[in-house]
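K.L.:
Here is my input; please provide its structure:
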Amino acid sequence: MNLESLRNSIQDCIANLLYLAEINCWNTISPNLLFILSDFNEFEGTNSFEMTWSRNRVNNSKTGFTLDKALEILHKEINDLYDVNLYIFRTSKKETIVEIQYYRTSNFDADYFALVKDNPPMFHSKISLPPYAPKGGKFDINWESGGGIDHLWKSLLQRYG
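P.N.:
Predicted structure coming up:
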């Protein structure tokens with residue numbers, strides 16, 4: 001996969017991600033996009049709560065890149081990419097930080113690696129739903145990265161209400 005086809009795949013995912021946010025979240029998404037890159041294996045945890053906490057801790061320490069810089073870094077790893085997922089890590093009126101999380105082909109055991117080593121990477125846009133998300137209702141896109149008082153209140157209601 002060359003740099004231009006990688007760019008097209010990522011730009012398609014960005015458009016899909018922004019659409020998902022628009023239809024599912026009440027936040028205004030800033031068009032000023034910065035990107036952070038995450039290797040799936042850099043997060044630690046045995047359950048989703050621990051993984052989310054680890055992901056937030058690690059990602060909060062990262063500096064955002066322009067799309068061109070993120071693509072340059074990602075393209076160097078293109079031959080080892082199995083799955084690439086885009087998430088909105090955090091948004092504000094000023095900027096939106098998009099996480100490009102990838103899973104490496106080399107992380108698989110030898111048998112599965114032999115099956116998938118020549119496959120091109122898959123690309124996805126994803127939004128994590130909070131456990132209290134109303135069916136068909138909108139929620140705060142920032143719920144995983146802090147979410148503020150609205151997230152705290154709804155989490156308590158869901159747990160104890």
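K.L.:
just for the protein, where's the confidence low?
P.N.:
For the chain, the stretches with pLDDT under 70 are 146-161.
K.L.:
quick one, strands of it?
P.N.:
33-39, 81-91, 96-104, 122-125 (DSSP state E).
K.L.:
Tell me how far the longest helix seen in the chain lies from the chain's centre.
P.N.:
Taking DSSP state H as the criterion, the chain has its longest helix at helix 3-24. Here helix 3-24 is found 12 Å from its chain centre; the criterion is CA atoms, centre = their mean, to the nearest Å.
K.L.:
Tell me which residues of it come out buried.
P.N.:
Under the neighbour-count criterion of 16 or more other CB atoms under 10 Å, helix 3-24 has Leu6, Ser9, Ile10, Cys13, Ile14, Leu17, Leu18, Leu20, Ala21, Asn24 buried. Using the backbone N, CA and C atoms, a C-beta is placed for each residue, glycine as well.
K.L.:
Same check on stretch 104-113?
P.N.:
So stretch 104-113, judged by 16+ other CB under 10 Å, has buried residues Arg104, Thr105.
K.L.:
export it as PDB, just CAs?
P.N.:
As requested, the backbone C-alpha atoms of stretch 104-113 are provided in PDB (Å, rounded to 0.1, in the frame of the first residue of the first chain):
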ATOM      1  CA  ARG A 104       0.200  -5.300  14.100                       C
ATOM      2  CA  THR A 105       0.200  -8.500  12.100                       C
ATOM      3  CA  SER A 106       3.400  -9.600  13.900                       C
ATOM      4  CA  ASN A 107       1.400  -9.800  17.200                       C
ATOM      5  CA  PHE A 108      -0.300 -13.000  16.000                       C
ATOM      6  CA  ASP A 109       0.900 -16.500  16.700                       C
ATOM      7  CA  ALA A 110       2.800 -18.100  13.900                       C
ATOM      8  CA  ASP A 111      -0.100 -20.100  12.400                       C
ATOM      9  CA  TYR A 112      -2.400 -17.100  12.100                       C
ATOM     10  CA  PHE A 113       0.400 -14.800  11.000                       C
END
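K.L.:
Perfect, I'm done here.
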